[in-house]
Structures are given as structure tokens and as C-alpha cells.
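Undergrad: coordinates for the following, if possible.
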Amino acid sequence: MVAAWDLGPYISPQAATHGLRALTSSWARHHVNISLCRAKTNGHYVNSMLALNTALKAGFDETIMLDPEGYVAEASAANVFLLRDGVLHTPEVTSCLQGITRDSVIQLAQKGLGIEVRERRMTRDELYTADEAFLTGTAAEILPLRELDGRRIGGRAGAPPVNEPISPNSVTAQLQSLYRQAVRGELDDFRHWLTPA
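TA: Reported below is the predicted structural model:
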């Protein structure tokens with residue numbers, strides 16, 4: 001199946017600057033013994049769309065899905081990252097897609113910003129208490145996660161009020177900037193990612 005359309009901004013034009021409000025889903029992500037979790041197959045998106053539709057109907061922008069054991073897996077169509085005490089954390093790729101943008105962000109964080117990245121199991125309360133959190137994906141690129149389950153993320157680090165944009169000095173904003181530069185071929189260290197036209 002091939003689908004093609006002009007996507008435009010993912011979710012809303014201000015999502016990249018003001019962040020998303022997410023709801024933890026009651027729909028669990030697939031178990032590794034139920035389907036091929038690393039495969040980007042059309043059938044997997046039924047699970048994601050059930051979770052996303054529940055969140056949208058409740059007034060949220062996105063959903064965070066847990067694996068069958070209750071650990072953070074991913075959003076409906078994006079990977080999840082959190083920053084805590086200067087270290088970036090993301091779920092290991094057991095029940096989530098090993099995304100290309102996820103891998104790009106890991107490299108940009110390590111090589112571009114000198115930030116340690118740990119791939120490990122994460123609990124939802126770690127997202128609640130994170131200094132920053134964001135989602136990555138082909139359509140999403142890098143979108144800040146402002147709130148989860150009604151709890152403001154980054155409150156202890158002085159997160160901006162909901163109507164204000166994220167700080168340009170935040171790690172999320174720095175990664176957004178590096179990512180934009182990399183995909184435009186403006187960073188020599190990452191130019192090998194691109195295929196000249």
C-alpha cells in the first residue's frame with residue numbers, strides 16, 4: 001500500500017514551539033510475541049489509532065502507549081524521549097519501532113550536543129518528573145511534550161506556562177534546530193544522511 005498527500009504541520013502549527021498535551025493510553029502496545037514490533041506495517045497502526053482516537057476524544061493532542069508490562073513504549077506514531085539531569089533517555093526498542101528520526105536524534109544529541117543517551121525501560125512517572133520530554137517521528141520531526149495526564153512536564157525545571165513557547169535554550173529546541181540543519185545539508189558531520197538530487 002502506498003499513500004501520498006501533502007501532510008502539512010503535524011498536529012498543529014504551534015505544536016513544535018508550544019508542545020503537546022498527551023494522555024496515557026489504556027490500549028497497550030503490541031507484545032513482542034504477538035506481532036513483529038520492529039516492522040513498520042500497516043496493521044500495527046490500528047492499535048495506535050485506537051489509542052490516539054481515545055486521546056483526541058478526551059481533548060488531548062497525542063497519546064503515550066505502554067507495553068504489556070506497563071513500561072513506556074511510544075506515542076501513536078512517534079518515539080518518546082525524556083531529559084533528566086542532563087541525560088537523555090528513550091525506551092529500548094522491544095515493543096516500539098526503531099525509528100529513523102529516533103536514531104537521528106540519538107546521534108545529534110551525542111555528537112552535536114555531547115549529551116549522553118540511555119536506551120532503557122522507562123515508567124510513565126519518569127515522564128511526569130522529567131526536566132523535558134519530546135516525541136520524534138518522520139511526520140512529527142521533534143515535538144515537545146508539554147503535559148502528560150494533566151501533569152505539566154518540566155515543572156521542577158521552570159517549564160513555561162502553557163501559553164508560552166518552550167525555551168530556545170532547552171535541549172528540545174536545540175535538537176529541533178540541529179535536526180533542521182542536518183536535513184537541509186547544513187551540517188558537515190551529518191551530510192552523509194542525505195542523497196543529493
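Undergrad: quick one, strands of the protein?
TA: For the chain, the strands defined by DSSP state E cover 20-24, 62-66, 72-75, 79-84, 87-90, 117-119, 132-137, 141-148, 151-152.
Undergrad: quick one: pLDDT of the closest residue in space to residue 142 that isn't next to it in sequence?
TA: Spatial nearest neighbour of residue 142, chain neighbours left out: residue 176 (4.7 Å); criterion: CB to CB, 6 or more residues apart in numbering. In short, each C-beta sits where N, CA and C put it, glycine included. pLDDT, residue 176: 97.
Undergrad: go ahead and confirm residue 176 touches residue 15.
TA: No - counting by CB atoms under 8 Å, residue 176 does not reach residue 15; the two are 11.3 Å apart.
Undergrad: how about the nearest residue to the residue nearest the centre of the chain, chain neighbours excluded?
TA: A centroid search over the chain (CA atoms, centre = their mean) returns residue 135, at 1.4 Å, as the residue closest to the centre. If the residues on either side of it in the chain are set aside, residue 135 comes closest to residue 78, at 3.9 Å by CB to CB, 6+ apart.
Undergrad: cool, residue 60 as well?
TA: residue 23 is the one closest to residue 60 (CB to CB, 6+ apart), at 4.3 Å.
Undergrad: residues near that neighbour, how many?
TA: Per other CB atoms under 10 Å, the neighbour tally for residue 23 reads 22.
Undergrad: got it, and residue 73?
TA: So residue 73, with other CB under 10 Å, has 27 neighbours.
Undergrad: what's near enough to touch it?
TA: 28-29, 65-67, 80, 91, 95-96 (CB atoms under 8 Å, 6 or more residues apart in numbering).
Undergrad: wait, which of the strands of the chain is closest to residue 100?
TA: Nearest to residue 100, of all those, is strand 132-137, at 9.0 Å by CB to CB.
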